[in-house]
Each structure stands twice: as C-alpha cells, then as structure tokens.
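S.K.: Structure of the sequence below:
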Amino acid sequence: MTQSGSPPRGSRPDLDEAVETWSRMNDASILRSVAAVILGFVVLTLGSVLTGRLLLSLFGVDPGMAPGAAFIFTSLGVRLAVTVLAGFLAALAAPRAPRLHAGVLAAILVFFSLASLAGLSASGDPYGPAWYPIAMLVIGPAGVLIGGSLRPRRR
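M.R.: Residues are numbered from 1 along each chain as shown. Alright, predicted model coming up:
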C-alpha cells in the first residue's frame, strides 16, 4: 500500500480490471463469431428462397411439375453462387479464423440438407432426377467453403 491508501500499480485491482476487459473482449468476439455464421445462414436462406422462386417463375415450373434439364442445371449454378456468397460474407464478418466460420456454416448446411433429403425420401415424391438432391448436398457446403476461402487476408 502507498501512503494514500491505494494499492501500488500492478497490484490486484489492475489485474482484475485487465481480466475483466479481456473477458469482455472475448465475449464480443464470440458474439461476432455467432453473428458471422448467422449472417451467412440468413444470406444462404434468403438467397435460396428468392432465387428458387425466381427460377420457378422464369422457367414456368409449377410445384409438383417435373423440372426440365435447363431448370435443374441453372438451379445448381445459382445454388453454387448463393452458397459462395454466403460463405464469403460469413468469413468477411468473422473476427478471426474466417475458414472456420465458413466451415461451421457448411456443417449447418449439411445438417439441413440431410434433413431435407430425408424428408424427400420419406415423401416418396422425388423432385427431379435422383442425383439432384445429392448434387445440392455436395454443391452447397463446397460453395460455402470456397466462399470462405475467398476472403482477403486482413493486414
């Protein structure tokens, strides 16, 4: 203790303050990480729904109709573009480890794609050729990972 009754510099209160500041920084970093993955998921979901509806309209495909080859291949290409964008934005928003954030988003996409594939199998009503849902399952996560690797390095 100094004569004024306050603890000397570098003592416990300064250490406590540093630990508290560090803790808040980590909480903010965790929140940014979660927000980055959520951003990618929202872009992926909205992009998929909006482009899907647009393609259905442009190609004149009604629900329950068997889509033609042009629709299927265009849909796969658009899906790739949307997933690359989602992975890129998730990585861009990530506070660090951009590829890890894209990987988490890709894992979430695999989960939902498998659930969708299981639902299609259970309904017995395939949408397009049998390989189409599997191609979507592969293209989606691959696109997210590609997008995550496109983020420029921070200096």
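
S.K.: in this protein, which helix has the most residues?
M.R.: When the chain is parsed with DSSP state H, its longest helix is helix 12-59.

S.K.: That helix packs against which elements?
M.R.: helix 69-93, helix 98-123 (3 or more C-beta pairs under 8 Å, 6 or more residues apart in numbering; DSSP states H and E). Heads up, the C-betas are built off the backbone N, CA and C, glycines and all.

S.K.: Give me whichever of those is most buried.
M.R.: helix 69-93 (a mean of 20; mean count of other C-beta atoms under 10 Å).

S.K.: Just the mean pLDDT for that one, thanks.
M.R.: For helix 69-93, mean pLDDT rounds to 96.

S.K.: Also stretch 37-48?
M.R.: Mean pLDDT, computed over stretch 37-48, is 97.

S.K.: just to revisit the earlier point, redo the helices and strands packed on helix 12-59 as CSV? Include distance to N26.
M.R.: Output for the helices and strands packed on helix 12-59, formatted as CSV (distance: least, C-beta to C-beta, whole Å):
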stretch, distance to N26
helix 69-93, 17
helix 98-123, 16
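
S.K.: Any idea which of those helices gets closest to I30?
M.R.: I30 lies closest to helix 98-123 among the helices and strands packed on helix 12-59, at 11.9 Å (C-beta to C-beta).

S.K.: between the closest one and helix 12-59, how many degrees?
M.R.: Put simply, helix 98-123 runs at 50 degrees to helix 12-59, going by axes from the mean of the first three to the mean of the last three C-alpha atoms, to 10 degrees.
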